[in-house]
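1. Have a look; sequence and predicted model below, questions after that.
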Amino acid sequence: MTVLEASTDELEAFRAEAQAWLELHAERRQPDTSAFKRRVAATNPEDERAHVEACKAWQHLIFDGGFAGVTVPPEYGGRGASTAFDRVWRQEVARYEVDTGVFAVGLGMVVPTVLAHGTEEQKQQSIPLALRGDEVWCQLFSEPGAGSDLAGLTTRAERDGDEWVVNGQKVWNSFAHIADWGILLARTNWDVPKHRGITYFLVDMRTPGIEARPLRQITGVAHFNETFLTDVRIPHANVLGEVNGGWGVAQTTLMNERALIGNATGLGFRDYLELARHYGRTDDPTIRQLLAAAYTRFEMLRWLGQRSQAAARAGRPLGPESSVAKLVVSDHAARNGDLALAIEGAAGMLAGRDAYEDGFWQQQFLGQWGIRIGGGTEQVQRNILGERVLGLPPEPRPDKTEPFRDIPKNI
């Protein structure tokens, strides 16, 4: 399907449509109100369950309104518009208290991957349910011995007739304990180099043998998990792409994951400015310098996002620019965490209900590590950029050419 470039009049008409719909269904987000931040700072299971249900309600509403999957072809439940329309929707929805966070994996990673590599049956089965918010997805990629070196994974899948039997362990799986489906990488050939023996599966998380155990993070939230797979049977029809060709499929997912993190909206500069005003720090010369640096970073990220969008409009697939954005976001998260606590001063030592806005800003500081590690560490992104953008010679890696069975395992 070829999507023609939108005219200015068409985009403005769509913007007016989106604004009217949002005004009717949502409340405008105000940077100087605390309600939104209190919800984000919630850490107990009851709040998490409420958050999941609220996200589902929002996604259902957005789908019924015709704004889910703006760029997804209509035959799969989307609008079939260009990325320019999607950009307009993201700009407008960011102004309102709309939260669909539990669908980040499904909408931002699974849908584009299935569109690129799935069979017609897989597209018809998976994409409409994800767009409607009927199913939550999780990512089953990383393992205790395969994080940055993801291709070193050892979760095993063995063919048994029309099924695959999977055994292994995954870790850092966001929302796995509430997910309906997962995207899974498993090793299906041990006698070829490690990147060539991996297969990509779509797995029903309700299948017997899957156990997700939440991991409580430093923030107090437990949305990451370690997931154990014991004799899990997956139909062969759930293989996405070719058997042993999963690494190429995974690259589509990973590039979209980096773009998802790199283009995340979340907080804006005004939120930090309002925090400084609350504490009466806007005249402090050090804080003013830090705020100026933050404003510069926010603008840089906006320009990087525009560059990615321009590439998409030109029909170019996501590439190294997603790693640039991810690397900048990692630095941004670290510096913004420091900035928030610098503004709060001694009050930054408080937490939870004792802290301003129920500890939201402490959560931003502590939660930076999930952003900086998830989607590939800063070191991984620098390696990608060095090799694929700057053309630097890669480090010697004999494990890329030797049969995976013969190389040392990090287990």
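-> Great, that's in hand. Residues are numbered from 1 along each chain as shown.

2. what are the phi and psi values for the residue lying farthest from the centre of the chain?
-> Outermost residue of the chain with respect to the C-alpha centroid, by Cα atoms, centre = their mean, is residue 283; its distance is 36.9 Å. Main-chain dihedrals, residue 283, degrees, to the nearest 10: phi -100, psi 0.

3. What pLDDT is listed against it?
-> In this model, residue 283 is scored at 96, pLDDT.

4. biggest helix in the protein by residues?
-> For the chain, the longest helix by residue count, based on DSSP state H, is helix 285-313.

5. Please point out which parts of the next helix or strand after it sit buried.
-> Later in the chain than helix 285-313, the nearest helix or strand by DSSP states H and E is helix 321-344. Buried residues in helix 321-344, counting neighbours by 16 or more other Cβ atoms under 10 Å, are found at 321-330, 332-334, 336-337, 339-344. All C-beta spots, glycine's among them, are computed from the backbone N, C-alpha and C.

6. counting contacts, what elements does helix 321-344 pack onto?
-> Under the contact criterion of 3 or more Cβ pairs under 8 Å, 6 or more residues apart in numbering; DSSP states H and E, helix 321-344 touches helix 246-262, helix 269-278, helix 285-313, helix 360-366, helix 368-373, helix 378-388.

7. Go through those helices and name the closest to residue 189.
-> Closest of those to residue 189 is helix 246-262, at 10.4 Å (criterion: Cβ to Cβ).

8. For that closest one, the averaged confidence score.
-> 84.

9. Now do that helix against helix 285-313, angle only.
-> 140 degrees (axes from the mean of the first three to the mean of the last three Cα atoms, to 10 degrees).

10. and helix 246-262, C-alpha only, in CSV?
-> Provided in CSV are the C-alpha atoms of helix 246-262 (Å, rounded to 0.1, in the frame of the first residue of the first chain):
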residue,chain,number,x,y,z
GLY,A,246,14.5,-14.4,13.5
TRP,A,247,17.4,-12.1,14.0
GLY,A,248,16.4,-10.0,10.9
VAL,A,249,12.8,-9.9,12.2
ALA,A,250,14.1,-8.8,15.6
GLN,A,251,16.0,-5.9,14.1
THR,A,252,12.7,-4.4,12.9
THR,A,253,11.4,-4.7,16.5
LEU,A,254,14.6,-3.3,18.0
MET,A,255,14.7,-0.3,15.7
ASN,A,256,11.1,0.5,16.5
GLU,A,257,11.8,0.1,20.2
ARG,A,258,14.7,2.6,20.0
ALA,A,259,12.4,5.0,18.0
LEU,A,260,9.7,4.5,20.6
ILE,A,261,12.0,5.4,23.5
GLY,A,262,13.7,8.2,21.5
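
11. can you state the direction angle for it and helix 321-344?
-> 40 degrees.

12. So which elements touch helix 246-262?
-> Where contact means 3+ Cβ pairs under 8 Å, 6+ apart, helix 246-262 is packed against helix 111-117, strand 181-187, strand 198-204, helix 285-313, helix 321-344.

13. How far does the longest one sit from its chain's centre?
-> The chain centroid and the centroid of helix 285-313 are separated by 20 Å under Cα atoms, centre = their mean, to the nearest Å.

14. same thing with the third one?
-> Average the C-alpha atoms of strand 198-204, do the same for its chain, and the two points are 18 Å apart (Cα atoms, centre = their mean).

15. Please apply the same query to the last one.
-> When distances are taken as Cα atoms, centre = their mean, helix 321-344 is centred 16 Å away from the chain's centroid.

16. Going by neighbour count, list what's buried in the helix or strand encompassing residue 24.
-> Residue 24 belongs to helix 8-25 when assigned by DSSP H and E. Across helix 8-25, burial judged by 16+ other Cβ under 10 Å covers 10, 11, 14, 17, 18, 21, 22.

17. follow-up on the earlier one: now the helices and strands packed on helix 321-344 in CSV, please, with extra columns for distance to residue 63.
-> Listed next are these as CSV, based on distance: least, Cβ to Cβ, whole Å:
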stretch, distance to residue 63
helix 246-262, 19
helix 269-278, 29
helix 285-313, 22
helix 360-366, 29
helix 368-373, 28
helix 378-388, 33
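
18. Just send those back as a markdown table, with distance to residue 141 and mean neighbour count too.
-> Below are the helices and strands packed on helix 321-344 laid out as a markdown table (distance: least, Cβ to Cβ, whole Å; neighbours: other Cβ atoms under 10 Å):
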| stretch | distance to residue 141 | mean neighbour count |
| --- | --- | --- |
| helix 246-262 | 7 | 22 |
| helix 269-278 | 31 | 18 |
| helix 285-313 | 22 | 15 |
| helix 360-366 | 24 | 23 |
| helix 368-373 | 13 | 18 |
| helix 378-388 | 13 | 16 |
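
19. right, and the ones you listed - which one's nearest residue 409?
-> Evaluated with Cβ to Cβ, those place helix 246-262 nearest to residue 409, the distance being 17.5 Å.

20. Spatially, and excluding backbone neighbours, which residue is closest to residue 392.
-> In this structure, residue 392 finds its nearest non-sequential neighbour in residue 386, 4.3 Å apart by Cβ to Cβ, 6 or more residues apart in numbering.

21. Sorry, slip of the keys, the one I care about is residue 18.
-> Nearest one to residue 18, counting by Cβ to Cβ, 6+ apart, is residue 92 at 4.5 Å.

22. Share the number of residues neighbouring that neighbour, please.
-> 20 (other Cβ atoms under 10 Å).

23. Test my guess that it contacts residue 16.
-> No - assessed by Cβ atoms under 8 Å, residue 92 is found out of contact with residue 16, at 9.8 Å.

24. Quick one: low-confidence residue ranges for this protein.
-> For the chain, applying pLDDT under 70 flags the ranges 1-6, 31-45, 261-266, 309, 312-313, 315, 317-321, 375, 410-411.

25. Quick check: beta-bridge partners of residue 139?
-> Counting by DSSP bridges, residue 139 forms beta bridges with residue 183.

26. Contacts only, for it.
-> Residue 139 makes contacts with 105, 109, 173, 174, 182, 183, 253, 257, as judged by Cβ atoms under 8 Å, 6 or more residues apart in numbering.

27. what about 10 Å?
-> For residue 139, the contact set (Cβ atoms under 10 Å, 6 or more residues apart in numbering) comprises 104-106, 109-110, 170, 172-176, 179, 182-185, 250, 253-254, 257, 374-375.
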